[in-house]
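Asks: fold the following.
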Amino acid sequence: MAAVRPIRTETDYEAALAEVETLWGAKAGTPKGDRLDVLATLIDAYEKEHCPMDQPDPIEAIKFRMEQQGLTRRDLEGIIGTRTRIAEVLNGRRGLSIAMIRRLNERLGIPADILIRPSRKRAA
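Replies: Numbers count the residues shown, from 1 in each chain. This is a model prediction of the structure:
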């Protein structure tokens, strides 16, 4: 096996992914398992720097959680407010208040750092 080295290029990245595929399922604590752990860490660091994922839009996060939990707009009345307020928020015409963010975080488990971001759907 070649020495493990930092992933600096797309070629290095592709080679690391190919090697991880061959090592997948290696037992932890073995030389192959240790190599898999190191490569996975290097790949993760490379992806964070070169392929960052955008945070989800707050409205899309709410809609996704509603779908996950089988919730309707009516279920949001105790969290966001009236049906009109819910429609305004979900259609991007009104931003979330701090109180709404807290309740969405507490009751639906949506991370507050996602909810406080400005929505891309918000009308200017």
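
Asks: where does the most centrally placed residue in the chain land on pLDDT?
Replies: Nearest residue to the geometric centre of the chain (C-alpha atoms, centre = their mean): Gln55, 6.2 Å. Listed pLDDT for Gln55 reads 80.

Asks: list the contacts for it?
Replies: For Gln55, the contact set (C-beta atoms under 8 Å, 6 or more residues apart in numbering) comprises Asp113, Ile114, Arg117. C-betas here are computed from N, CA, C, even on glycine.

Asks: for Arg120, which non-adjacent residue is spatially closest?
Replies: Asp57 (5.0 Å; C-beta to C-beta, 6 or more residues apart in numbering).

Asks: what's the one you found sitting at in phi/psi?
Replies: Per-residue torsions, Asp57: phi -70, psi 140 (degrees, to the nearest 10).

Asks: my guess is it contacts Ile110. True?
Replies: No. Between Asp57 and Ile110 there is no contact, the gap being 11.6 Å when judged by C-beta atoms under 8 Å.

Asks: and Ile59, how many neighbours?
Replies: For Ile59, the tally of surrounding residues (other C-beta atoms under 10 Å) stands at 19.

Asks: could I get the CA-only coordinates of stretch 85-103 as PDB?
Replies: Extracted as PDB, the C-alpha positions of stretch 85-103 are listed here (Å, rounded to 0.1, in the frame of the first residue of the first chain):
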ATOM      1  CA  ARG A  85     -49.800  33.800   8.900                       C
ATOM      2  CA  ILE A  86     -48.800  30.300   8.000                       C
ATOM      3  CA  ALA A  87     -49.600  30.900   4.400                       C
ATOM      4  CA  GLU A  88     -47.600  34.200   4.400                       C
ATOM      5  CA  VAL A  89     -44.600  32.400   5.800                       C
ATOM      6  CA  LEU A  90     -44.700  29.300   3.600                       C
ATOM      7  CA  ASN A  91     -45.300  31.500   0.500                       C
ATOM      8  CA  GLY A  92     -42.300  33.700   1.300                       C
ATOM      9  CA  ARG A  93     -44.300  36.900   1.900                       C
ATOM     10  CA  ARG A  94     -43.400  37.100   5.700                       C
ATOM     11  CA  GLY A  95     -40.200  36.200   7.500                       C
ATOM     12  CA  LEU A  96     -40.000  34.100  10.600                       C
ATOM     13  CA  SER A  97     -40.100  35.900  14.000                       C
ATOM     14  CA  ILE A  98     -37.700  34.900  16.800                       C
ATOM     15  CA  ALA A  99     -40.700  33.400  18.600                       C
ATOM     16  CA  MET A 100     -41.600  31.300  15.600                       C
ATOM     17  CA  ILE A 101     -38.000  30.200  15.100                       C
ATOM     18  CA  ARG A 102     -37.800  29.100  18.800                       C
ATOM     19  CA  ARG A 103     -41.100  27.100  18.500                       C
END
